[in-house]
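Student: one predicted model, sequence on top.
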Amino acid sequence: AQSVTQLDSQVPVFEEAPVELRCNYSSSVSVYLFWYVQYPNQGLQLLLKYLSGSTLVKGINGFEAEFNKSQTSFHLRKPSVHISDTAEYFCAVVYSGGYQKVTFGTGTKLQVIP
Amino acid sequence: EAQVTQNPRYLITVTGKKLTVTCSQNMNHEYMSWYRQDPGLGLRQIYYSMNVEVTDKGDVPEGYKVSRKEKRNFPLILESPSPNQTSLYFCASSWGTGRVTEAFFGQGTRLTVV
């Protein structure tokens, strides 16, 4: 079965430090990759997406991610985090060839410490 | 403004009392789906719809029903709710076949079944 793995359920990081949130997916077929952010008591918002083209994609709020096909990874990075980045982050994959089912990882809670 | 609207945002009900959570989108999207979010499990798909009158089961469909009589609406029905259906529910929409894009999410419905 296709799956998405976010190994870190919680990541504490000091303000202005860099952060990387890891995401790996199971399939080697063509994929479309997304990162969503969920602030407390809110729905999910798109942070960034990879559909095709450059493997380094930039999103909102200074986040970026790199698609690595050989390692089946799509790690999210930010060079300097702010308190306002405290939220839960979900990696998501749409596998090509079928209907548009989105498979989500289990989420990573980013806690930015002042 | 492009949006997915869910109602209600919060709902407390008793076991066995039928309820409906509504979902409406104004983007003319073909594809709509329902997810439930539980701690440590991420988002799991309940049902999806590829277009009007076309629906199918997701990963956790037991105890739920859906209908898609109009393109914009995709209600979730719990005919006999049970406590294990206490969860946070999200409706989402996206374009559909032939065009992979990000999903747009509603604000969520927090359901408690006592």
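Tutor: Nice, I can see it.
Student: who's in contact with residue A:3?
Tutor: A:25-26, A:103 (C-beta atoms under 8 Å, 6 or more residues apart in numbering or on different chains). For every residue, glycine as well, the C-beta is placed using N, CA and C.
Student: can you redo the residues you listed as JSON lines with distance to chain B and neighbour count?
Tutor: Listed next are these as JSON lines, based on distance: C-beta to the nearest C-beta, whole Å; neighbours: other C-beta atoms under 10 Å in any protein chain shown:
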{"residue": "A:25", "distance to chain B": "13", "neighbour count": "20"}
{"residue": "A:26", "distance to chain B": "14", "neighbour count": "14"}
{"residue": "A:103", "distance to chain B": "8", "neighbour count": "22"}
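Student: can you report how many residues neighbour residue 90?
Tutor: If you meant another chain, say so; for now it's chain A. By other C-beta atoms under 10 Å in any protein chain shown, the residues close to residue A:90 number 25.
Student: switch to chain B, that's the one I care about
Tutor: Neighbourhood size, residue B:90 [other C-beta under 10 Å]: 24.
Student: helix or strand: which one has it?
Tutor: In this assignment (DSSP states H and E), residue B:90 forms part of strand B:87-94.
Student: mind listing residues that contact the helix or strand following that strand?
Tutor: Sequence order places strand B:104-105 as the next helix or strand after strand B:87-94, per DSSP H and E. Strand B:104-105 has contacts (C-beta under 8 Å, 6+ apart) with A:36, A:43-45, B:2-4, B:25, B:27, B:29, B:90-94.
Student: could you pull up the mean pLDDT of strand B:104-105?
Tutor: Average pLDDT, strand B:104-105: 94.
Student: can you list the strands that it pairs with?
Tutor: Partner strands and pairing direction for strand B:104-105 (DSSP bridges) are strand B:87-94 (antiparallel).
Student: about what we covered before: extract the C-alpha set from the strand holding residue B:90 and format it as CSV.
Tutor: Extracted C-alpha coordinates of strand B:87-94, given in CSV (Å, rounded to 0.1, in the frame of the first residue of the first chain):
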residue,chain,number,x,y,z
SER,B,87,-13.1,13.2,15.7
LEU,B,88,-12.2,16.3,13.7
TYR,B,89,-13.7,16.2,10.2
PHE,B,90,-12.5,18.0,7.1
CYS,B,91,-14.1,18.4,3.7
ALA,B,92,-11.8,19.1,0.8
SER,B,93,-12.1,19.9,-2.9
SER,B,94,-9.8,19.9,-5.9
